[in-house]
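Student: Got a sequence here, can you model it:
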Amino acid sequence: MRATAADPAYFHKVVDCQWACPAHTPVPEYIRMIAAGRYADAYMVNWASNVFPGVLGRTCDRPCEPACRRGRVEENNGASPEPVAICRLKRVAADLKGDVKARMPARLAGNGLRVACIGAGPAALTVARDLAPLGYAVTVFDAEAKAGGFIRTQIPRFRLPESVIDEETGYILDLGVEFRAGERIASMAALLSEGFDAIFVGCGAPRGRDLQLPGRLEAAAQIHIGIDWLASVSFGHVTSVAPRVIVLGGGNTAMDCCRSARRLGAQEVKVIVRSGFDEMKASPWEKEDAQHEGIPILNCHVPKAFVHREGRLVGMMFEIVAAQLDAQGRRQLLPTGAPDVLIDCDEVLLAVGQENAFPWIEADCGIAFNRWGLPELDAQTFQSSRPEVFFGGDAAFGPKNIITAVAHGHEAAVSIDRYLHGDDLRQRPPPQFNLISQKMGIHEWSYDNGVSNDDRFKVPWAAAEKALASIKVEVELGFDAATAFKEAQRCLNCDVQTVFSPPACIECDACVDICPTDCITFTVNGEEAELRGRLKAPALNESQALYVSTELKTGRVMVKDEDVCLHCGLCAERCPTGAWDMQKFLFNPAKAGGRDPARHGVSA
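Tutor: Sure thing, here's the model as predicted:
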């Protein structure tokens, strides 16, 4: 194998949580700040990347947590090791930060360029957050009275208080963004005629899928599209439900529907899905929360008909199926032959998916769409077939989640900035990164490298009788400062990298002897597949690279399995020559404004 180069992409991937985050939030950096009680600093580190720390600290889909190294190397939890509670620590920074208004970026002088953002959801607000401080005149249009988009209309208040949405959307609008509330864009052609230099479309996926089955029309009054129903609940138009409710669908929207129905007075709520329980698209914790509140989830039930009497819904008929793999390994739902099942109900909420709808974009305005009704975009730049129009969030590639929409917004803002200054959109500005030694003495580091043996701490909940009595009572109470400190100590500081200097190594194998996970080996080099199998502990995770040195004096190389390294620093503490060092790697993706210096008269 070739020696590992000092490549930022290599070290970035070692920081598993940051690598997995679509917005590349520097997770260990802000977790250390939380442990030190620097909550405002931790919030601002988050804000620079994910824009909505308070919102995401309550609602994020947490792609960082399945990637967390703690879940791979922890042994004291037996068969169920758990990652660091990254998402809930983010909320701690938001809850305890104090007043950060003075720390928001100052706005540069206006540059004379106008950008329109359609929709006030997370993608469009991220574009506004990145461009407004650079001097762009950003105008955000939204049909609703307040900013937030689907964050405000679809996430129930018991998960996300409205005050948090108001605060974090307010930080962006206060950057000098013009918010034109209550203005639904009805014509792209009309908007183009207003002379905006660029337009960003971040209107989400506003249409919930229907389910056309026998009885749908006859019982229409008792059947509701889930996302529309949630919006009606959010705005106070729906304040009660029928006694028996069925929620169809296995995603997070279905979980929000069933838990909302429970709080609005339903005596019996059932979630019914076509797939198996493990194949449901809902996040595992969303399913757990629903079950914790006494809501059963019935799987492998395929809906066949809405049953009605005298024009009123009385139940649903389901076929019982089982999942099997075909010859190509694809999952199929096959009938079991069991009799169809009638489940009584008075109301049905359909949460079987969302789709895009762009009836307001005229066919002759130069924006091409594919056969799925999505805009044809450059996947890297988010630019449409009409050069000045960009898309992001659910409007770009279909429904995803808030953190993905934020990531789209950052990239689209970079593209808009480069487009309006005549730069190549596909030439993306490089990230900012550095490696800094954490050595403070012979065997002392500027971070706490002790490995905590604590299990993951549980977030306290409001009492059930209080939480279920009102749809506005927040269920999760968040960590207090003491618990946040203990949970933060579970972080393995994966951004503090083990950096090896071959010329200083005397090949005494002291680092090999002291390594608690046997991840260091001195051996002759070889092809990767063969080399992985003869390390001191075989490196089985091929998706995580090996750290390989140049050839040492004996002709051997040092090989370290990055997958299970604890970043504990014992190798560096034990090394008699200082061949090992612990160096903090800080990676920040470039934001809008990082243009080519030579093209714009900026000195290097």
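Student: what's the following helix or strand after the one helix or strand Gly315 maps to?
Tutor: Assigned by DSSP states H and E, Gly315 falls within strand 312-325. Note on strand 312-325: by DSSP H and E, the next helix or strand toward the C-terminus is strand 331-335.
Student: what comes into contact with the strand holding Gly315?
Tutor: The contact list for strand 312-325 (Cβ atoms under 8 Å, 6 or more residues apart in numbering) reads 215, 219, 221-223, 246, 272, 274-276, 279, 300-308, 331-336, 338-348. (C-beta placed from N, C-alpha, C; glycine too.)
Student: Would you mind checking those residues for buried ones?
Tutor: Burial by neighbour count, judged by 16 or more other Cβ atoms under 10 Å, picks out 215, 219, 222-223, 246, 272, 274-275, 300-308, 333, 343, 345-348 from those.
Student: Give me the subset of those lying in strands.
Tutor: 223, 246, 272, 301-308, 333, 343, 347-348 (DSSP state E).
Student: rewinding a little: which positions in the strand holding Gly315 come out as buried?
Tutor: So for strand 312-325, counting by 16+ other Cβ under 10 Å, buried means Leu313, Val314, Gly315, Met316, Met317, Phe318, Glu319, Val321.
Student: isn't Met1 right next to Ala529, touching?
Tutor: No - applying Cβ atoms under 8 Å, one finds Met1 not in contact with Ala529, separated by 10.2 Å.
Student: Those two: which is more packed in?
Tutor: More crowded of Met1 and Ala529, by other Cβ atoms under 10 Å: Met1, with 15 against 8.
Student: Pull the contacting residues for Val73.
Tutor: Neighbouring residues of Val73 by Cβ under 8 Å, 6+ apart: Pro81, Leu492, Thr517, Val564, Leu566.
Student: and the residue nearest to the spatial centre of the chain, what does it touch?
Tutor: Residue closest to the mean C-alpha point of the chain, counted by Cα atoms, centre = their mean, is Ile403 at 3.7 Å. Ile403 makes contacts with Cys21, Pro22, Ala23, Asn50, Leu56, Cys60, Asp61, Pro63, as judged by Cβ under 8 Å, 6+ apart.
Student: The nearest residue to Ala93 once chain neighbours are set aside: how many residues sit nearby?
Tutor: Leaving aside its sequence neighbours, Ala93 sits nearest to Ala42 (Cβ to Cβ, 6 or more residues apart in numbering; 3.8 Å). Counted with other Cβ under 10 Å, residues neighbouring Ala42 total 28.
Student: And Lys400, by the same measure?
Tutor: Lys400, neighbours per other Cβ under 10 Å, totals 17.
Student: Also Ala464?
Tutor: Applying other Cβ under 10 Å, I find that Ala464 has 12 neighbouring residues.
Student: Let's see the pLDDT reported for it.
Tutor: Looking at Ala464, its pLDDT stands at 86.
Student: Kindly provide the distance from it to Glu288.
Tutor: 15 Å (Cβ to Cβ, to the nearest Å).
Student: again, but for Leu131
Tutor: Per Cβ to Cβ, Leu131 is found 39 Å from Glu288.
Student: which one of the two has more residues nearby?
Tutor: Set Leu131 next to Glu288 and count neighbours by other Cβ under 10 Å: Leu131 wins out with 30 against 12.
Student: where's the more buried one, which helix or strand?
Tutor: Here Leu131 is assigned to helix 122-131, by DSSP H and E.
Student: what's the offset of that helix from the middle of its chain?
Tutor: Once both centres are worked out by Cα atoms, centre = their mean, to the nearest Å, helix 122-131 turns out to sit 16 Å from its chain's centre.
Student: From the contact counts, what lies against that helix?
Tutor: Helix 122-131 sits against strand 114-118, strand 137-142, helix 162-173, strand 198-201, helix 394-397, helix 402-419, with contacts defined as 3 or more Cβ pairs under 8 Å, 6 or more residues apart in numbering; DSSP states H and E.
Student: Show me what it is in contact with.
Tutor: Contact partners of helix 122-131, identified using Cβ under 8 Å, 6+ apart, comprise 51-52, 55, 115, 117-118, 138, 140, 147, 149, 151, 169, 171-173, 175, 177, 200, 202, 392-396, 402, 405-406, 408-410, 412-414, 416-417, 591-593.
Student: Can you list the residue ranges for helices in the stretch 401-550 of the chain?
Tutor: Using DSSP state H, counting those that start in this stretch, the helices of the stretch 401-550 of the chain run over 402-419, 464-467, 481-488, 510-514, 528-533.
Student: a markdown table for those helices, including distance to Val451?
Tutor: Formatted as a markdown table, the helices of the stretch 401-550 of the chain follow (distance: least, Cβ to Cβ, whole Å):
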| stretch | distance to Val451 |
| --- | --- |
| helix 402-419 | 28 |
| helix 464-467 | 35 |
| helix 481-488 | 13 |
| helix 510-514 | 13 |
| helix 528-533 | 25 |
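Student: number of nearby residues for the residue lying closest to Thr577 once chain neighbours are set aside?
Tutor: Among residues not flanking Thr577 along the chain, Ala504 sits closest, at 4.7 Å (Cβ to Cβ, 6+ apart). By the measure other Cβ under 10 Å, the count of residues near Ala504 is 13.
Student: cool, and Gly182?
Tutor: For Gly182, the tally of surrounding residues (other Cβ under 10 Å) stands at 10.
Student: Would you agree it is in contact with Glu144?
Tutor: Yes - applying Cβ under 8 Å, one finds Gly182 in contact with Glu144, separated by 7.2 Å.
Student: Looking at strand pairing, list the partners for Pro433.
Tutor: I think there's a mix-up here, since residue 433 is Phe and not Pro. Taking DSSP bridges as the rule, Phe433 bridges to Phe587.
Student: For the stretch 201-350 of the chain, give me the ranges with low pLDDT.
Tutor: The model of the stretch 201-350 of the chain has no residue with pLDDT under 70.
Student: swap the cut-off to 80 and go again
Tutor: Low-confidence segments of the stretch 201-350 of the chain, defined by pLDDT under 80: 325, 327, 329.
Student: Next: the stretch 401-550 of the chain.
Tutor: Looking at the stretch 401-550 of the chain by pLDDT under 80, you get 441-443.
Student: how about 90 then?
Tutor: By pLDDT under 90, the weakly predicted segments of the stretch 401-550 of the chain are 440-451, 453, 464-465, 543.
Student: Contacts only, for Leu173.
Tutor: Ala128, Val140, Ala147, Phe179.
Student: And Glu476, by the same measure?
Tutor: Arg58, Arg88, Arg159, Val459, Pro460, Trp461, Ala462.
Student: What of Gly250?
Tutor: For Gly250, the contacting residues are Val271, Val273, Arg274, Ser275, Glu279, Met280, Lys281, Ala282, Ile297, Asn299, by Cβ under 8 Å, 6+ apart.
Student: In this structure the second one contacts Leu298, no?
Tutor: Yes - counting by Cβ under 8 Å, Val273 does reach Leu298; the two are 7.3 Å apart.
Student: More neighbours: which of these two?
Tutor: Per other Cβ under 10 Å, whichever of Val273 and Leu298 has more neighbours is Val273, with 25 against 15.
Student: sorry, back to before: out of the contacts of Gly250, the closest to Asp7 would be?
Tutor: Within those, the smallest distance to Asp7 is 34.9 Å, found for Lys281 (Cβ to Cβ).
Student: Can you get me a residue count around that closest one?
Tutor: Counted with other Cβ under 10 Å, Lys281 comes out at 15.
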